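# Model the structure of this input:
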Amino acid sequence: MNMRKVTAVFPAAGQGKRMHLPVNKAFLDLDGKSMLVRTLLKFSAAESIDYLIVVVAADEINTTQEMLKNESGLKPYVVTAGGSERQYSIYNGLKLLPDETEIVLVHDAARPFVSAKTIDEVTAAARKYGGAIAAVPEKNTVKIVDEENRVTATPPRQKLWEVQTPQGFRKDIIMAAYEKAAAENFLGTDDASLAERLGADVRVVMSDYRNIKITTPEDAIIAAAFLREEKSKIKGSK
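As a prediction, the model looks like this:
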């Protein structure tokens, strides 16, 4: 049995409030395919990925399964119910990890433009160091502000990174991190923040600025532009 498999978990139980949608934003249509399907296809095309765990709201499981069952090109997958918070949804997904899983990647379903290169490099770094996160250098100046909106510090930009997903970890590390968080009722900002509480070695992997998270109507406009560009490249290569 292969004990080095890589499983990707996709939290997709959001309700799309910031997108002003009446349904889960993961079902948003992007040029004929849902955002969720586009994201899963990106991971299915990555050589390092073996298995997919999709986490949606309990009342959306049947809808999601119907959406995926006739989609060609997907790696083996399972769909399960999420929780009231992203962290709880991911924990539900982690409980379904195949026994042979060595590396776990967690990726936002709302990031359909992630590259196979980023996926594979995060996987490799997680295997080498224990933890790895996709990120890009911060382009803007960032201020630290107090409760009265007074600027208290300006951290050096060269030390700041904008964190994305996927975030990858050895199975034992991510499971221990989530178990500790659950036992202590700790709610983190991302998966890495839970691993960091264990003292895990988490490394940054250079991603790219196209790996956006689609959360607002403005993001959907950018996504449409990316898709037009991708289609024009495909036509140009024929």
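# switch to C-alpha atoms for all contacts and neighbour counts from now on
Fine.
# Chain neighbours aside, what residue packs nearest to the most centrally placed residue in the chain?
Note on the chain: the residue nearest the mean C-alpha position is His107, at 1.6 Å, using C-alpha atoms, centre = their mean. Closest residue to His107 apart from its sequence neighbours, by C-alpha to C-alpha, 6 or more residues apart in numbering: Pro166 at 4.4 Å.
# again with Pro76
Tyr51 (5.2 Å).
# give me the number of residues near that neighbour?
Residues lying near Tyr51 (other C-alpha atoms under 10 Å) number 21.
# so after the one helix or strand Ile173 maps to, what's the next helix or strand?
Using DSSP states H and E, Ile173 maps to helix 171-183. Once the chain leaves helix 171-183, the next helix or strand it forms, by DSSP H and E, is helix 191-196.
# what's the worst-scoring helix or strand of the chain on mean pLDDT packed up against?
Sorting the helices and strands of the chain by mean pLDDT, DSSP states H and E puts helix 217-237 at the bottom, at a mean of 84. Applying 3 or more C-alpha pairs under 8 Å, 6 or more residues apart in numbering; DSSP states H and E, one finds that helix 217-237 makes contact with no other helix or strand.
# if you set the cut-off to 10 Å instead, what comes out?
strand 29-30 (3 or more C-alpha pairs under 10 Å, 6 or more residues apart in numbering; DSSP states H and E).
# Can you pull out the residues in contact with the helix or strand just after the strand it packs on?
Once strand 29-30 ends, the next helix or strand along the chain (criterion: DSSP H and E) is strand 33-34. Strand 33-34 is contacted from outside by Lys25, Ala26, Phe27, Leu28, Met67, Glu71, Pro112, using C-alpha atoms under 10 Å, 6 or more residues apart in numbering.
# All the strands of the chain, residue numbers only.
Listed in chain order, the strands of the chain (DSSP state E) span 5-11, 29-30, 33-34, 51-56, 77-81, 101-106, 131-137, 144-145, 151-153, 161-170, 202-206.
# Need these in JSON lines (columns: distance to Ala182).
Converted to JSON lines, the strands of the chain look like this (distance: least, C-alpha to C-alpha, whole Å):
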{"stretch": "strand 5-11", "distance to Ala182": "17"}
{"stretch": "strand 29-30", "distance to Ala182": "35"}
{"stretch": "strand 33-34", "distance to Ala182": "32"}
{"stretch": "strand 51-56", "distance to Ala182": "18"}
{"stretch": "strand 77-81", "distance to Ala182": "18"}
{"stretch": "strand 101-106", "distance to Ala182": "17"}
{"stretch": "strand 131-137", "distance to Ala182": "20"}
{"stretch": "strand 144-145", "distance to Ala182": "30"}
{"stretch": "strand 151-153", "distance to Ala182": "33"}
{"stretch": "strand 161-170", "distance to Ala182": "18"}
{"stretch": "strand 202-206", "distance to Ala182": "20"}
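# Now render those as a markdown table, adding mean pLDDT and distance to Ile90.
Below are the strands of the chain laid out as a markdown table (pLDDT from 0 to 100; distance: least, C-alpha to C-alpha, whole Å):
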| stretch | mean pLDDT | distance to Ile90 |
| --- | --- | --- |
| strand 5-11 | 97 | 6 |
| strand 29-30 | 90 | 24 |
| strand 33-34 | 92 | 21 |
| strand 51-56 | 97 | 7 |
| strand 77-81 | 97 | 10 |
| strand 101-106 | 98 | 8 |
| strand 131-137 | 98 | 16 |
| strand 144-145 | 98 | 30 |
| strand 151-153 | 98 | 34 |
| strand 161-170 | 98 | 12 |
| strand 202-206 | 98 | 19 |
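# Of those, which is nearest Thr216?
Each of the strands of the chain has some distance to Thr216 by C-alpha to C-alpha; the shortest is strand 29-30, at 13.9 Å.
# Many thanks, we can stop here.
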